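Undergrad: sequence? don't have it. structure:
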């Protein structure tokens, strides 16, 4: 397929992340695809984040969302299905947040606002939700740097968005475009079982489980994720 025939790719960063989350994938795919990284903005809810993405979205695009970005991607698809040609969901969830998990975010928000952002991030994304091995430290370091850029205000807003996120199972059942789900076998935040359930709801879904990754597969095994995306998007 010629690059001129390929649809644009829009990456949606995850919780407390920015373009660095998809740095390797964007660099590798940009020679053949039109690539952009969306900004979720300062909103504290999925609805407003999705509205911002839709406002800047090409007429038709492939959405690649990770974690919080995946939840926003599902809301974009729900609201503007004609704008989404393909969908990739990475380390994310279609369910609304459990009350106990939502309640646990409140003290994290308080710690972040009190100047303990690193501690709050360590609790929100524990070390053991990434795969053991040499890539773990580097991935966590990148996440820490991205989180510091977003700051305590970003932590509070994005945590509220996670707490209040809608159930998107109905959205998944109505998806009419090819959909790829990628999960890391070591992800304890959004376990592979959740991705299996999501894949079962989508009529045209493919699920890939990465044994060498956890919650941050684009950072933990970037070349593998890039290879999967390139092959799937170019098909």
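TA: Okay, I see it. Note that the coordinates shown come from a computational prediction; the quantities given were computed from them, not determined experimentally. Numbering: from 1, shown residues only.

Undergrad: where exactly do the strands run in this structure?
TA: Along the chain, the segments classed as strands by DSSP state E run 9-12, 35-37, 61-66, 84-90, 179-184, 205-210.

Undergrad: Can you tell me the closest non-neighbouring residue to residue 7?
TA: In space, residue 7 comes closest to residue 85 once its chain neighbours are excluded; the distance is 4.8 Å by Cβ to Cβ, 6 or more residues apart in numbering. Where C-beta positions appear, they are placed from N, C-alpha and C, glycine not excepted.

Undergrad: list the contacts for the one you found?
TA: With contact taken as Cβ atoms under 8 Å, 6 or more residues apart in numbering, residue 85 is in contact with 7, 60-62, 177.

Undergrad: cool, residue 177 as well?
TA: By Cβ under 8 Å, 6+ apart, residue 177 lies in contact with 77, 81, 84-87, 204.

Undergrad: now do 10 Å
TA: Going by Cβ atoms under 10 Å, 6 or more residues apart in numbering, residue 177 touches 62-63, 77, 81, 84-87, 202-204.

Undergrad: Filter the residues you listed down to the buried ones and express that as a PyMOL selection.
TA: Restricted to buried positions by 16 or more other Cβ atoms under 10 Å, the PyMOL selection for these reads:
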select buried, resi 62+63+77+84+85+86+87+202
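
Undergrad: got TSV for the contacts of residue 177, with distance to residue 97 and pLDDT too?
TA: Formatted as TSV, those follow (distance: Cβ to Cβ, whole Å; pLDDT from 0 to 100):
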residue	distance to residue 97	pLDDT
62	27	97
63	22	98
77	20	97
81	24	97
84	24	97
85	29	96
86	27	97
87	21	98
202	21	96
203	26	89
204	27	84
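
Undergrad: Any chance of a markdown table for the contacts of residue 177, columns distance to residue 30?
TA: Output for these, formatted as a markdown table (distance: Cβ to Cβ, whole Å):
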| residue | distance to residue 30 |
| --- | --- |
| 62 | 14 |
| 63 | 17 |
| 77 | 24 |
| 81 | 26 |
| 84 | 20 |
| 85 | 18 |
| 86 | 17 |
| 87 | 20 |
| 202 | 27 |
| 203 | 30 |
| 204 | 26 |
